[in-house]
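Chemist: The sequence isn't on hand, but the structure is:
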């Protein structure tokens, strides 16, 4: 199942996506009564709905549904109200090499804030004094169930960009300032359910800047895979429906290049992050 939020004539609304077509929750509610309680994806995520049941019902009624073309609507962030945004640092072996860091025994964890989140098509707005703006294409886990085994608590996955102001990040030993600023957590365009992607153990992640490939990795290179990340975080945090977990970035970030070859992001640059089975997240630097 693939789901997203879009801007309807009445405000933010949720929809199920099939190819280029989207079917608003209000349409699906005509044959699945539980959808009458859902306005946006956040409501669906918190409902503990059976994703396979939704897919089957849509298959059975696809000819009765009135859809919209995804290209004709404004796509919003696929999660509008995350309570927590947790991030894993240096979680790809090749990225650890380019960063000249050893493989850690435990995951490195930092956070972002809800106002860091923007959707595809929205602009990244760094502070005016930032001079070392970097991208980090990432797989993002969307938490669903609040209880149960760690793997069963995953609702699905989306695409993320862990935007990083390196000059702020490394002012001190704490990364927060360079990572958690407003607009520094683009996600989207949609969420692909765990029922389609499983544990996301073999997904290609590719990041382009102005059409040029900068990162081309695979989740198989993760040091801590998705089940291990969720199990570890669950020991210490109360993971709630709609919480987001950025799982780390492959090699190819600007910071990993030799100093003389680093060309930091600037106004007008367009960053595209694509992940197999999910889609492409596109944002420009304002």
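Modeler: Great, that's in hand. Note that the structure is predicted; figures quoted are calculated from it, not measured. Numbers count the residues shown, from 1 in each chain.
Chemist: And for residue 97, the neighbour number?
Modeler: 13 (other CB atoms under 10 Å). C-beta here means a position set from N, CA and C on the backbone, and glycine is covered the same way.
Chemist: tell me which element it falls in.
Modeler: helix 93-98 (DSSP states H and E).
Chemist: which of the residues in that helix are buried?
Modeler: 95-96, 98 (16 or more other CB atoms under 10 Å).
Chemist: again with stretch 262-272
Modeler: 264-265, 269, 271-272.
Chemist: quick check, nearest of these to residue 74?
Modeler: If you rank the buried residues of stretch 262-272 by distance to residue 74 using CB to CB, residue 272 comes first, at 18.0 Å.
Chemist: Residue 101 in helix, strand or coil?
Modeler: Following DSSP: H, G, I helix; E, B strand; the rest coil, we place residue 101 in the coil state.
Chemist: Am I right that residue 115 is in contact with residue 180?
Modeler: No - the pair formed by residue 115 and residue 180 falls short of the contact definition of CB atoms under 8 Å, at 9.1 Å.
Chemist: These two: which has the busier surroundings?
Modeler: Using other CB under 10 Å, the more surrounded residue of residue 115 and residue 180 is residue 180, with 18 against 12.
Chemist: What separation do you get for the closest residue to that one other than its chain neighbours and residue 241?
Modeler: Distances taken as CB to CB, 6 or more residues apart in numbering place residue 112 nearest to residue 180, at 4.5 Å, with adjacent residues excluded. As for residue 112, its distance to residue 241 is 18 Å (criterion: CB to CB, to the nearest Å).
Chemist: neighbours around residue 186, how many?
Modeler: Counted with other CB under 10 Å, residues neighbouring residue 186 total 27.
Chemist: And it, which helix or strand is it part of?
Modeler: strand 185-193.
Chemist: What strands flank that strand, and is each parallel or antiparallel?
Modeler: strand 2-8 (antiparallel), strand 117-118 (parallel), strand 154-161 (antiparallel) (DSSP bridges).
Chemist: Just after the longest one, pick out the following helix or strand.
Modeler: Meaning strand 154-161. Strand 154-161 is succeeded, C-terminally, by strand 164-165 (DSSP H and E).
Chemist: counting contacts, what elements does that next one pack onto?
Modeler: With contacts taken as 3 or more CB pairs under 8 Å, 6 or more residues apart in numbering; DSSP states H and E, strand 164-165 sits against strand 133-134, helix 176-179.
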